[in-house]
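**Student:** Prediction below, plus the sequence it came from.
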Amino acid sequence: MRHRLFLFASMLLAMLMLAACSREPAPRAALSQDVYVWQRQWTPALRAALTASDPQVARWHVLAAELGVSGRWIDVAPDAALLAGTGKPLLMTVRINGQLARFDAAAIETHILAQVEAWRRSGIAPAALEIDYDCPTARLPEYTAFLARLKPKLGATALTVTALPTWLESPRLDGLLAAADEATLQAHAVLDPRQGLFDPERARVWMEQFAKRTRQPWHVALPAYGSRVVWDGNGGIAAVESERPTLAGGVASELVAQPRQLARFVAGIERSQPPGLVGIAWFRVPTGDDRRAWSLSTWLAVLERRQLQEKLEVRFADAGAGQADGSLREVVLDNAGAADAPLPTRIRIETGCAGDSGGDGINGYTMESDARGRYLRLTQAGMLRAGTRRHVGWLRCQGTAGDATLQIGS
(Lines give C-alpha, C1' and ligand atoms only; values in the text may rest on other atoms or scores of the structure.)
Protein backbone atom coordinates (compact mmCIF):
# COMPACT_ATOMS: atom_id res chain seq x y z
CA MET A 1 0.00 0.00 0.00
CA ARG A 2 2.78 2.36 0.95
CA HIS A 3 4.55 1.56 -2.33
CA ARG A 4 1.40 2.39 -4.31
CA LEU A 5 0.96 5.70 -2.52
CA PHE A 6 4.57 6.59 -3.19
CA LEU A 7 4.16 5.70 -6.88
CA PHE A 8 0.95 7.78 -7.16
CA ALA A 9 2.61 10.77 -5.49
CA SER A 10 5.60 10.50 -7.80
CA MET A 11 3.37 10.40 -10.87
CA LEU A 12 1.36 13.38 -9.66
CA LEU A 13 4.53 15.37 -9.01
CA ALA A 14 5.85 14.53 -12.45
CA MET A 15 2.59 15.65 -14.08
CA LEU A 16 2.65 18.94 -12.19
CA MET A 17 6.26 19.57 -13.19
CA LEU A 18 5.48 18.77 -16.83
CA ALA A 19 2.51 21.15 -16.79
CA ALA A 20 4.64 23.88 -15.25
CA CYS A 21 7.36 23.45 -17.86
CA SER A 22 4.94 23.47 -20.78
CA ARG A 23 2.96 26.45 -19.56
CA GLU A 24 3.49 29.70 -21.48
CA PRO A 25 5.21 32.36 -19.35
CA ALA A 26 2.84 35.04 -18.13
CA PRO A 27 2.96 38.10 -20.39
CA ARG A 28 4.64 41.16 -18.96
CA ALA A 29 2.30 43.95 -17.95
CA ALA A 30 2.20 47.00 -20.20
CA LEU A 31 4.44 49.78 -18.95
CA SER A 32 2.72 52.81 -17.46
CA GLN A 33 2.82 55.94 -19.60
CA ASP A 34 3.72 59.40 -18.37
CA VAL A 35 3.52 62.42 -20.65
CA TYR A 36 5.35 65.75 -20.66
CA VAL A 37 3.38 68.96 -21.10
CA TRP A 38 6.15 71.22 -22.36
CA GLN A 39 4.10 74.07 -23.79
CA ARG A 40 4.38 77.50 -22.21
CA GLN A 41 0.97 78.65 -23.41
CA TRP A 42 -2.16 76.74 -22.36
CA THR A 43 -4.10 77.07 -25.61
CA PRO A 44 -7.46 75.47 -26.47
CA ALA A 45 -5.55 72.95 -28.63
CA LEU A 46 -3.40 71.93 -25.65
CA ARG A 47 -6.43 71.54 -23.41
CA ALA A 48 -8.13 69.36 -26.05
CA ALA A 49 -5.03 67.18 -26.40
CA LEU A 50 -4.82 66.62 -22.63
CA THR A 51 -8.47 65.68 -22.42
CA ALA A 52 -8.19 63.22 -25.33
CA SER A 53 -4.98 61.62 -24.00
CA ASP A 54 -5.81 61.49 -20.29
CA PRO A 55 -7.35 57.96 -20.22
CA GLN A 56 -4.00 56.49 -21.33
CA VAL A 57 -1.78 58.62 -19.08
CA ALA A 58 -0.51 57.58 -15.66
CA ARG A 59 1.12 60.89 -14.67
CA TRP A 60 1.53 64.32 -16.21
CA HIS A 61 4.96 66.03 -16.18
CA VAL A 62 4.04 69.72 -16.40
CA LEU A 63 6.56 72.43 -17.23
CA ALA A 64 6.29 75.00 -14.44
CA ALA A 65 9.42 77.13 -14.84
CA GLU A 66 12.48 77.40 -17.04
CA LEU A 67 15.80 79.01 -16.19
CA GLY A 68 17.43 80.23 -19.41
CA VAL A 69 21.10 80.43 -20.26
CA SER A 70 21.01 84.16 -19.44
CA GLY A 71 19.89 83.43 -15.87
CA ARG A 72 16.35 84.73 -16.43
CA TRP A 73 13.36 82.69 -15.23
CA ILE A 74 10.27 82.04 -17.33
CA ASP A 75 7.36 80.81 -15.22
CA VAL A 76 4.43 78.93 -16.75
CA ALA A 77 0.90 79.24 -15.39
CA PRO A 78 -0.88 75.90 -16.03
CA ASP A 79 -4.62 75.31 -16.16
CA ALA A 80 -5.03 74.27 -12.54
CA ALA A 81 -8.67 73.24 -12.87
CA LEU A 82 -7.98 71.00 -15.87
CA LEU A 83 -4.99 69.32 -14.23
CA ALA A 84 -6.83 68.77 -10.97
CA GLY A 85 -9.76 67.34 -12.90
CA THR A 86 -7.61 64.58 -14.40
CA GLY A 87 -7.17 63.03 -10.99
CA LYS A 88 -3.68 61.93 -12.07
CA PRO A 89 -0.46 62.51 -10.12
CA LEU A 90 1.29 65.67 -11.33
CA LEU A 91 5.04 66.23 -11.57
CA MET A 92 6.00 69.87 -11.42
CA THR A 93 8.93 70.06 -13.84
CA VAL A 94 11.57 72.76 -13.63
CA ARG A 95 14.03 73.04 -16.49
CA ILE A 96 17.48 74.51 -15.93
CA ASN A 97 19.49 75.27 -19.06
CA GLY A 98 22.56 73.02 -19.20
CA GLN A 99 24.70 75.86 -20.54
CA LEU A 100 23.98 78.11 -17.57
CA ALA A 101 27.21 80.01 -16.87
CA ARG A 102 26.76 80.25 -13.09
CA PHE A 103 24.74 77.83 -11.00
CA ASP A 104 23.48 79.98 -8.12
CA ALA A 105 22.17 77.17 -5.91
CA ALA A 106 20.58 79.38 -3.25
CA ALA A 107 18.70 81.56 -5.74
CA ILE A 108 17.55 78.55 -7.78
CA GLU A 109 16.32 76.78 -4.66
CA THR A 110 14.39 79.86 -3.54
CA HIS A 111 12.64 80.18 -6.89
CA ILE A 112 11.76 76.48 -7.07
CA LEU A 113 10.29 76.37 -3.57
CA ALA A 114 8.23 79.46 -4.36
CA GLN A 115 6.83 77.69 -7.43
CA VAL A 116 5.93 74.62 -5.37
CA GLU A 117 4.01 76.83 -2.95
CA ALA A 118 2.28 78.64 -5.83
CA TRP A 119 1.06 75.31 -7.18
CA ARG A 120 -0.21 74.27 -3.78
CA ARG A 121 -2.11 77.53 -3.37
CA SER A 122 -3.74 77.00 -6.78
CA GLY A 123 -5.08 73.63 -5.66
CA ILE A 124 -2.70 71.37 -7.59
CA ALA A 125 -0.24 70.04 -5.03
CA PRO A 126 2.47 68.26 -7.01
CA ALA A 127 3.13 64.61 -6.26
CA ALA A 128 6.77 65.24 -7.19
CA LEU A 129 9.18 67.96 -8.17
CA GLU A 130 11.20 67.06 -11.26
CA ILE A 131 14.47 68.81 -12.07
CA ASP A 132 15.50 68.74 -15.73
CA TYR A 133 19.11 69.94 -15.81
CA ASP A 134 21.22 68.75 -18.75
CA CYS A 135 24.49 69.83 -17.19
CA PRO A 136 27.97 68.79 -18.34
CA THR A 137 29.26 65.65 -16.61
CA ALA A 138 31.88 67.71 -14.76
CA ARG A 139 29.10 69.53 -12.90
CA LEU A 140 27.49 66.41 -11.43
CA PRO A 141 29.02 66.91 -7.94
CA GLU A 142 27.67 70.46 -7.76
CA TYR A 143 24.28 69.26 -8.98
CA THR A 144 24.21 66.37 -6.51
CA ALA A 145 24.97 68.67 -3.59
CA PHE A 146 22.13 70.97 -4.69
CA LEU A 147 19.65 68.07 -4.76
CA ALA A 148 20.76 66.86 -1.33
CA ARG A 149 20.05 70.31 0.16
CA LEU A 150 16.75 70.70 -1.67
CA LYS A 151 15.14 67.34 -0.93
CA PRO A 152 14.53 67.79 2.86
CA LYS A 153 12.75 71.08 2.16
CA LEU A 154 10.12 69.45 -0.07
CA GLY A 155 8.36 67.63 2.75
CA ALA A 156 6.11 64.88 1.40
CA THR A 157 6.72 65.92 -2.21
CA ALA A 158 9.03 63.45 -3.96
CA LEU A 159 12.13 64.57 -5.86
CA THR A 160 12.83 63.21 -9.34
CA VAL A 161 15.51 64.00 -11.93
CA THR A 162 16.14 63.51 -15.62
CA ALA A 163 19.39 61.82 -16.62
CA LEU A 164 21.56 61.95 -19.74
CA PRO A 165 23.27 58.95 -21.35
CA THR A 166 26.46 61.04 -21.44
CA TRP A 167 26.57 60.68 -17.65
CA LEU A 168 26.67 56.88 -17.77
CA GLU A 169 30.47 56.77 -17.92
CA SER A 170 30.85 58.87 -14.79
CA PRO A 171 31.24 57.25 -11.33
CA ARG A 172 29.55 60.38 -9.95
CA LEU A 173 26.21 59.37 -11.44
CA ASP A 174 25.56 56.96 -8.58
CA GLY A 175 25.54 59.74 -6.00
CA LEU A 176 23.23 61.88 -8.11
CA LEU A 177 20.67 59.09 -8.54
CA ALA A 178 20.83 58.27 -4.83
CA ALA A 179 19.94 61.88 -3.98
CA ALA A 180 16.55 61.58 -5.74
CA ASP A 181 13.54 59.32 -5.30
CA GLU A 182 13.22 58.50 -8.99
CA ALA A 183 14.87 59.23 -12.35
CA THR A 184 13.95 59.45 -16.03
CA LEU A 185 16.57 58.49 -18.61
CA GLN A 186 16.42 60.68 -21.72
CA ALA A 187 16.82 58.45 -24.78
CA HIS A 188 16.41 61.10 -27.49
CA ALA A 189 18.33 64.05 -28.95
CA VAL A 190 21.10 63.78 -26.41
CA LEU A 191 24.42 63.12 -28.14
CA ASP A 192 24.80 64.37 -31.69
CA PRO A 193 21.74 65.35 -33.74
CA ARG A 194 23.62 64.22 -36.84
CA GLN A 195 23.05 60.68 -35.57
CA GLY A 196 19.30 61.22 -35.57
CA LEU A 197 16.67 62.06 -33.00
CA PHE A 198 16.20 58.48 -31.81
CA ASP A 199 18.23 55.31 -32.34
CA PRO A 200 16.55 52.19 -30.89
CA GLU A 201 19.78 50.20 -30.61
CA ARG A 202 21.59 52.96 -28.75
CA ALA A 203 18.55 53.54 -26.54
CA ARG A 204 18.42 49.88 -25.54
CA VAL A 205 22.12 49.86 -24.63
CA TRP A 206 21.71 53.02 -22.56
CA MET A 207 18.74 51.52 -20.74
CA GLU A 208 20.66 48.36 -19.86
CA GLN A 209 23.56 50.44 -18.57
CA PHE A 210 21.27 52.73 -16.60
CA ALA A 211 19.47 49.80 -14.97
CA LYS A 212 22.81 48.71 -13.49
CA ARG A 213 23.51 52.17 -12.06
CA THR A 214 20.32 52.94 -10.14
CA ARG A 215 18.49 51.26 -7.28
CA GLN A 216 15.50 53.57 -7.64
CA PRO A 217 12.47 53.07 -9.93
CA TRP A 218 12.99 54.76 -13.29
CA HIS A 219 11.31 55.75 -16.54
CA VAL A 220 12.65 56.13 -20.04
CA ALA A 221 11.78 59.30 -21.97
CA LEU A 222 10.85 58.66 -25.62
CA PRO A 223 10.18 61.25 -28.36
CA ALA A 224 6.92 61.99 -30.16
CA TYR A 225 8.12 65.03 -32.10
CA GLY A 226 10.52 66.38 -34.69
CA SER A 227 13.16 69.11 -34.60
CA ARG A 228 14.96 71.41 -37.00
CA VAL A 229 18.69 71.57 -36.33
CA VAL A 230 20.61 74.58 -37.64
CA TRP A 231 24.35 74.20 -38.30
CA ASP A 232 26.81 77.09 -38.31
CA GLY A 233 29.67 77.59 -40.76
CA ASN A 234 32.06 75.52 -38.62
CA GLY A 235 29.84 72.46 -38.50
CA GLY A 236 28.64 73.18 -34.96
CA ILE A 237 25.02 73.32 -33.79
CA ALA A 238 23.74 76.90 -33.92
CA ALA A 239 20.20 76.12 -32.74
CA VAL A 240 17.64 73.37 -32.27
CA GLU A 241 14.09 74.39 -33.15
CA SER A 242 11.05 72.29 -32.30
CA GLU A 243 7.91 74.40 -31.96
CA ARG A 244 9.47 77.69 -30.89
CA PRO A 245 11.22 79.32 -33.89
CA THR A 246 14.80 80.52 -33.61
CA LEU A 247 16.60 83.33 -35.40
CA ALA A 248 19.80 81.37 -36.01
CA GLY A 249 20.99 81.18 -39.59
CA GLY A 250 22.89 78.39 -41.29
CA VAL A 251 22.30 75.01 -42.91
CA ALA A 252 19.27 73.24 -41.44
CA SER A 253 18.34 69.56 -41.08
CA GLU A 254 15.01 68.06 -40.04
CA LEU A 255 15.07 65.24 -37.47
CA VAL A 256 11.90 63.20 -36.98
CA ALA A 257 10.85 60.51 -34.50
CA GLN A 258 9.05 57.84 -36.55
CA PRO A 259 5.83 56.55 -34.92
CA ARG A 260 6.22 53.00 -36.28
CA GLN A 261 9.78 52.79 -35.00
CA LEU A 262 8.77 53.99 -31.54
CA ALA A 263 5.78 51.62 -31.44
CA ARG A 264 8.09 48.67 -32.21
CA PHE A 265 10.57 49.83 -29.58
CA VAL A 266 7.88 50.06 -26.90
CA ALA A 267 6.61 46.58 -27.76
CA GLY A 268 10.17 45.28 -27.42
CA ILE A 269 10.90 46.77 -24.01
CA GLU A 270 7.52 45.60 -22.73
CA ARG A 271 8.43 42.05 -23.72
CA SER A 272 11.85 42.34 -22.08
CA GLN A 273 11.88 45.02 -19.42
CA PRO A 274 15.21 46.16 -17.94
CA PRO A 275 15.39 45.86 -14.13
CA GLY A 276 13.73 48.72 -12.29
CA LEU A 277 11.99 50.19 -15.35
CA VAL A 278 8.45 51.14 -14.35
CA GLY A 279 7.23 53.21 -17.26
CA ILE A 280 7.64 55.41 -20.31
CA ALA A 281 7.67 59.21 -20.22
CA TRP A 282 6.59 60.53 -23.63
CA PHE A 283 8.02 63.85 -24.71
CA ARG A 284 5.75 65.59 -25.41
CA VAL A 285 1.95 65.78 -25.74
CA PRO A 286 1.14 66.88 -29.33
CA THR A 287 -1.51 69.44 -30.18
CA GLY A 288 -3.28 70.61 -33.30
CA ASP A 289 -1.12 73.76 -33.22
CA ASP A 290 2.18 71.88 -33.51
CA ARG A 291 4.16 71.77 -36.74
CA ARG A 292 6.64 68.99 -35.95
CA ALA A 293 4.92 66.80 -33.35
CA TRP A 294 2.85 63.75 -34.28
CA SER A 295 -0.82 64.24 -35.06
CA LEU A 296 -3.23 63.54 -32.21
CA SER A 297 -4.68 60.48 -34.00
CA THR A 298 -1.21 58.93 -34.40
CA TRP A 299 -0.30 59.83 -30.84
CA LEU A 300 -3.39 58.10 -29.46
CA ALA A 301 -2.82 55.01 -31.62
CA VAL A 302 0.70 54.62 -30.19
CA LEU A 303 -0.50 55.19 -26.62
CA GLU A 304 -3.26 52.62 -27.06
CA ARG A 305 -0.94 50.12 -28.83
CA ARG A 306 -3.18 50.13 -31.91
CA GLN A 307 -1.93 49.35 -35.38
CA LEU A 308 -0.76 52.41 -37.28
CA GLN A 309 -2.62 52.72 -40.56
CA GLU A 310 -1.05 55.09 -43.07
CA LYS A 311 -2.32 55.46 -46.64
CA LEU A 312 0.23 57.41 -48.63
CA GLU A 313 -0.56 58.15 -52.27
CA VAL A 314 1.06 60.34 -54.92
CA ARG A 315 -0.82 61.95 -57.81
CA PHE A 316 -0.85 64.78 -60.30
CA ALA A 317 -2.95 67.85 -59.62
CA ASP A 318 -3.76 70.35 -62.33
CA ALA A 319 -1.99 73.58 -61.38
CA GLY A 320 -3.07 75.31 -64.55
CA ALA A 321 -5.28 78.18 -63.61
CA GLY A 322 -4.92 80.03 -66.87
CA GLN A 323 -3.09 77.05 -68.45
CA ALA A 324 -5.14 76.51 -71.60
CA ASP A 325 -3.19 73.46 -72.71
CA GLY A 326 -3.08 71.90 -69.24
CA SER A 327 0.69 71.46 -69.55
CA LEU A 328 1.56 72.19 -65.91
CA ARG A 329 1.04 69.45 -63.36
CA GLU A 330 1.79 69.62 -59.65
CA VAL A 331 2.92 66.49 -57.82
CA VAL A 332 0.91 66.00 -54.64
CA LEU A 333 1.35 63.55 -51.74
CA ASP A 334 -1.84 62.55 -49.89
CA ASN A 335 -2.10 60.68 -46.60
CA ALA A 336 -5.67 59.44 -46.41
CA GLY A 337 -4.87 57.09 -43.50
CA ALA A 338 -5.35 57.47 -39.77
CA ALA A 339 -1.63 57.67 -38.92
CA ASP A 340 1.25 59.95 -39.84
CA ALA A 341 3.50 58.60 -42.59
CA PRO A 342 7.20 59.27 -43.19
CA LEU A 343 7.83 61.19 -46.39
CA PRO A 344 9.05 58.84 -49.15
CA THR A 345 12.70 59.18 -50.05
CA ARG A 346 11.96 59.02 -53.79
CA ILE A 347 9.03 59.60 -56.11
CA ARG A 348 9.70 58.16 -59.56
CA ILE A 349 8.23 60.03 -62.56
CA GLU A 350 7.29 57.62 -65.33
CA THR A 351 6.10 59.84 -68.11
CA GLY A 352 5.30 59.38 -71.76
CA CYS A 353 4.25 62.94 -72.47
CA ALA A 354 5.79 64.45 -75.56
CA GLY A 355 7.96 67.53 -75.46
CA ASP A 356 8.97 67.32 -71.83
CA SER A 357 10.01 70.84 -70.89
CA GLY A 358 10.99 70.88 -67.27
CA GLY A 359 10.07 70.37 -63.68
CA ASP A 360 11.39 70.70 -60.14
CA GLY A 361 10.81 69.65 -56.55
CA ILE A 362 9.48 71.83 -53.72
CA ASN A 363 8.78 71.55 -49.97
CA GLY A 364 11.71 69.31 -49.17
CA TYR A 365 12.15 67.62 -52.57
CA THR A 366 14.46 68.22 -55.52
CA MET A 367 14.24 66.95 -59.12
CA GLU A 368 17.05 64.62 -60.21
CA SER A 369 17.72 62.11 -63.01
CA ASP A 370 19.38 58.74 -63.43
CA ALA A 371 19.45 55.99 -66.07
CA ARG A 372 15.79 55.19 -65.41
CA GLY A 373 14.63 58.75 -65.82
CA ARG A 374 13.60 61.57 -63.53
CA TYR A 375 12.58 61.37 -59.89
CA LEU A 376 11.93 63.59 -56.89
CA ARG A 377 14.45 63.04 -54.08
CA LEU A 378 13.69 63.88 -50.46
CA THR A 379 16.17 66.39 -49.03
CA GLN A 380 14.53 67.10 -45.66
CA ALA A 381 13.12 64.24 -43.58
CA GLY A 382 9.62 64.75 -42.28
CA MET A 383 6.18 63.31 -41.67
CA LEU A 384 2.95 63.77 -43.54
CA ARG A 385 0.22 64.00 -40.94
CA ALA A 386 -2.87 61.86 -41.18
CA GLY A 387 -5.51 63.43 -43.42
CA THR A 388 -3.19 66.03 -44.93
CA ARG A 389 -1.43 66.62 -48.25
CA ARG A 390 1.78 68.23 -49.45
CA HIS A 391 2.77 69.65 -52.83
CA VAL A 392 6.23 68.25 -53.54
CA GLY A 393 7.00 69.15 -57.17
CA TRP A 394 5.83 70.17 -60.61
CA LEU A 395 6.13 68.88 -64.16
CA ARG A 396 5.54 70.66 -67.44
CA CYS A 397 4.81 68.96 -70.75
CA GLN A 398 3.87 70.35 -74.11
CA GLY A 399 0.31 69.36 -74.81
CA THR A 400 -1.22 67.25 -72.01
CA ALA A 401 0.38 65.09 -69.38
CA GLY A 402 -0.72 62.07 -71.41
CA ASP A 403 0.19 58.81 -69.72
CA ALA A 404 2.55 60.36 -67.15
CA THR A 405 2.48 58.33 -63.92
CA LEU A 406 4.08 58.61 -60.50
CA GLN A 407 5.42 55.88 -58.27
CA ILE A 408 6.67 55.94 -54.69
CA GLY A 409 9.83 53.90 -54.37
CA SER A 410 13.45 53.62 -55.43
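**Tutor:** Received, thanks. Residues are numbered from 1 along each chain as shown.

**Student:** CA only for contacts and neighbour counts going forward, please
**Tutor:** Will do.

**Student:** Chain neighbours aside, what residue packs nearest to the residue most central in space within the chain?
**Tutor:** Nearest to the mean C-alpha position of the chain, by C-alpha atoms, centre = their mean, lies P223 at 1.1 Å. Using C-alpha to C-alpha, 6 or more residues apart in numbering and skipping residues adjacent in sequence, the residue nearest P223 is F283, 5.0 Å away.

**Student:** related to what we said a few turns ago, is the residue nearest to the centre of the chain in contact with P286, as I believe?
**Tutor:** No - using C-alpha atoms under 8 Å, P223 is not in contact with P286; the gap is 10.7 Å.

**Student:** Low-confidence bits of this structure, can you list those?
**Tutor:** 1-29, 189-195, 228-253, 318-326, 351-357, 398-404, 410 (pLDDT under 70).

**Student:** Which parts of it are helices?
**Tutor:** 2-22, 44-53, 80-86, 105-121, 140-150, 173-178, 200-213, 259-271, 296-303 (DSSP state H).

**Student:** deepest of the ones you listed, which one?
**Tutor:** helix 296-303 (a mean of 20; mean count of other C-alpha atoms under 10 Å).

**Student:** quick one: that helix to helix 44-53, angle?
**Tutor:** 30 degrees (axes from the mean of the first three to the mean of the last three C-alpha atoms, to 10 degrees).

**Student:** Which strands or helices does helix 296-303 pack on?
**Tutor:** helix 259-271 (3 or more C-alpha pairs under 8 Å, 6 or more residues apart in numbering; DSSP states H and E).

**Student:** at 10 Å what do you get?
**Tutor:** The contact analysis (3 or more C-alpha pairs under 10 Å, 6 or more residues apart in numbering; DSSP states H and E) places helix 296-303 against helix 44-53, helix 259-271.

**Student:** okay if I get those as TSV plus distance to P200?
**Tutor:** Formatted as TSV, those follow (distance: least, C-alpha to C-alpha, whole Å):
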stretch	distance to P200
helix 44-53	24
helix 259-271	7
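
**Student:** and R377, which of those helices is closest to it?
**Tutor:** With C-alpha to C-alpha, the closest approach to R377 among these belongs to helix 259-271: 22.0 Å.

**Student:** and that closest one, what does it pack onto?
**Tutor:** Under the contact definition 3+ C-alpha pairs under 10 Å, 6+ apart, helix 259-271 sits against helix 200-213, strand 218-223, strand 277-283, helix 296-303, strand 341-342.

**Student:** Distance to A180 added to those, as TSV?
**Tutor:** Formatted as TSV, these follow (distance: least, C-alpha to C-alpha, whole Å):
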stretch	distance to A180
helix 200-213	13
strand 218-223	11
strand 277-283	16
helix 296-303	28
strand 341-342	39
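
**Student:** Could you say which one of these comes nearest to S369?
**Tutor:** Taking the helices and strands packed on helix 259-271 one by one with C-alpha to C-alpha, strand 341-342 is closest: 22.6 Å.

**Student:** Against which helices or strands is the closest one packed?
**Tutor:** Using 3+ C-alpha pairs under 10 Å, 6+ apart, strand 341-342 sits against helix 259-271, strand 383-384.

**Student:** contacts for it?
**Tutor:** 256-260, 294, 298, 308-312, 334-335, 381-386 (C-alpha atoms under 10 Å, 6 or more residues apart in numbering).

**Student:** Specify the beta-bridge partners of the closest residue to T157 other than its chain neighbours.
**Tutor:** Closest residue to T157 apart from its sequence neighbours, by C-alpha to C-alpha, 6+ apart: A128 at 5.0 Å. On the basis of DSSP bridges, A128 is bridged to L91, A158.

**Student:** roughly how far apart are the nearest residue to V392 once chain neighbours are set aside and D370?
**Tutor:** Spatial nearest neighbour of V392, chain neighbours left out: I362 (4.8 Å); criterion: C-alpha to C-alpha, 6+ apart. I362 sits 19 Å away from D370, going by C-alpha to C-alpha, to the nearest Å.

**Student:** before we move on, what about A49?
**Tutor:** On the measure of C-alpha to C-alpha, A49 and D370 end up 45 Å apart.

**Student:** re the thing from before, list only buried entries from the contacts of strand 341-342.
**Tutor:** Buried members of those, scored by 16 or more other C-alpha atoms under 10 Å, are 256-260, 294, 298, 308-310, 312, 334-335, 381-386.

**Student:** For V302, which residues are in contact?
**Tutor:** If you count contacts by C-alpha under 10 Å, 6+ apart, V302 has them with A224, P259, R260, L262, A263, R264, V266, L296, L308, A339.

**Student:** my guess is the fourth one meets A224, correct?
**Tutor:** Yes - contact status for L262 versus A224: in contact at 8.3 Å, counting by C-alpha atoms under 10 Å.

**Student:** Looking at I362 and D370, which one has more neighbours?
**Tutor:** I362 (17 against 7; other C-alpha atoms under 10 Å).

**Student:** what sits against the more buried one?
**Tutor:** I362 neighbours (C-alpha under 10 Å, 6+ apart): E330, V331, L376, L378, T379, R390, H391, V392, G393, W394.

**Student:** Which one (most neighbours) among these?
**Tutor:** L376 (27 neighbours).

**Student:** picking that back up, H219 is nearest to which of the helices and strands packed on helix 296-303?
**Tutor:** helix 259-271 (11.7 Å).

**Student:** which residues do P223 and P286 both contact?
**Tutor:** Shared contacts of P223 and P286, counting by C-alpha under 10 Å, 6+ apart, come down to A293, W294.

**Student:** For E208, give me its contacts.
**Tutor:** Q273, P274, P275, L277.

**Student:** Revised request: answer the last question for H391.
**Tutor:** 314-317, 330-334, 361-365.

**Student:** ok, A339 to A211 distance?
**Tutor:** Distance from A339 to A211, by C-alpha to C-alpha: 33 Å.
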